[in-house]
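Student: turn this into a model:
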Amino acid sequence: MKGQRVWQNWWMVSALVLVLLSGCASETKVAVPESVTLAPNTATVELERAAVTPELLTVSAEGATSIETVALEAALSAVPVTELSDAETAGLLLMREEEKLAQDVYLALYDLWGQPVFQNIASSEATHTAAVLTLLERYGIADPVGDNAAGVFTDPELQALYDDLVAQGSESLIAALRVGAAVEEIDILDLEELSAQTDKADILTVYANLTKGSRNHLRAFVRTLEQRGGESYVPQYMNQEDFDAIIASGVESGGVGNNGAIGNRGNRGGRGNGRG
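Tutor: Numbers count the residues shown, from 1 in each chain. The predicted structure is shown next:
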């Protein structure tokens, strides 16, 4: 009898241990240190962004791409306003003046050379910088442009860049067209970098549409350079592979079903690399 009780007790303890181990295994989770960030697949993130990015654009036959105010207001009205990080705020301030820089450079070069592509794209850039201003007002951020005249910037690096670009573009029409393409390269690279620093749907919507516009404008300058100068443009900031992909893809229209997906990220050659 004593042996039988011992066997029964051993069997009950063993069964209890098995139950406990089974329960622990089902609840066990791998602890991830707070310092480790599990990044999502980049391609998946880009596809998700592309699928939900509203179209805000009208595009001319030449590729001048403008943001429609009514479409912008409708897209932003559905997105709640939340607190921005310092990086997000700095990005909006940069893009507000950077889009103004594009507009001002093109107007200055149009006055010099009378080439329609500068005037057409300058008009588009006015809608681009206005779209960023809408975001600044939405988040209660002071506008760095204010009453600044054409060619005047709060950011000293952008001021130096503007002065340098206009000086380069004053040398000849061909040099001016190269400047136009360079400005669009810089815009694309900065917008892609800033898009990677935010998850705000309203900011991503504007940035994606601005990026699409800059790709169209880059194509327009490259095409005009080939027509007027008979030369192939060599990218000054982007890597050759990403540049070639943009030029090969053709003008992106703004109709329904043609999303504002953010382009491929390449080696960034913008701010801090030949920009003042």
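
Student: from now on I want contacts and neighbour counts done on CA atoms only, so please keep to that.
Tutor: Fine.

Student: the residue positioned nearest the centre of the chain: which element?
Tutor: The centroid of the chain falls nearest to residue 191 when counting by C-alpha atoms, centre = their mean (2.9 Å). Following DSSP states H and E, one finds residue 191 within helix 173-195.

Student: also residue 123?
Tutor: Counting by DSSP H and E, residue 123 is part of helix 116-138.

Student: just residue 146 next, same as before
Tutor: Using DSSP H and E, residue 146 falls outside every helix and strand.

Student: do the one 4 residues further on as well
Tutor: Using DSSP H and E, residue 150 sits in no helix or strand.

Student: pretty sure it sits against residue 99.
Tutor: No: using C-alpha atoms under 8 Å, residue 150 is not in contact with residue 99; the gap is 12.0 Å.

Student: those two: which is more packed in?
Tutor: With neighbours defined as other C-alpha atoms under 10 Å, residue 150 and residue 99 compare such that residue 99 has more, 24 against 14.

Student: so where's the protein uncertain?
Tutor: Scanning the chain with the threshold set as pLDDT under 70 gives 1-53, 254-276.

Student: need the residues that contact stretch 84-91.
Tutor: The contact list for stretch 84-91, computed with C-alpha atoms under 8 Å, 6 or more residues apart in numbering, reads 141, 194, 197-198.

Student: who wins on neighbours among those?
Tutor: Of all the contacts of stretch 84-91, residue 194 has the most neighbours under the rule other C-alpha under 10 Å, reaching 20 neighbours.

Student: so who does that one touch?
Tutor: Contacts of residue 194 (C-alpha under 8 Å, 6+ apart): 88, 91.

Student: any idea how far it lies from residue 240?
Tutor: Using C-alpha to C-alpha, to the nearest Å, residue 194 is found at 21 Å from residue 240.

Student: please enumerate the helices of the stretch 151-276 of the chain.
Tutor: All helices of the stretch 151-276 of the chain, identified by DSSP state H, counting those that start in this stretch, fall at 156-169, 173-195, 201-229, 240-249.
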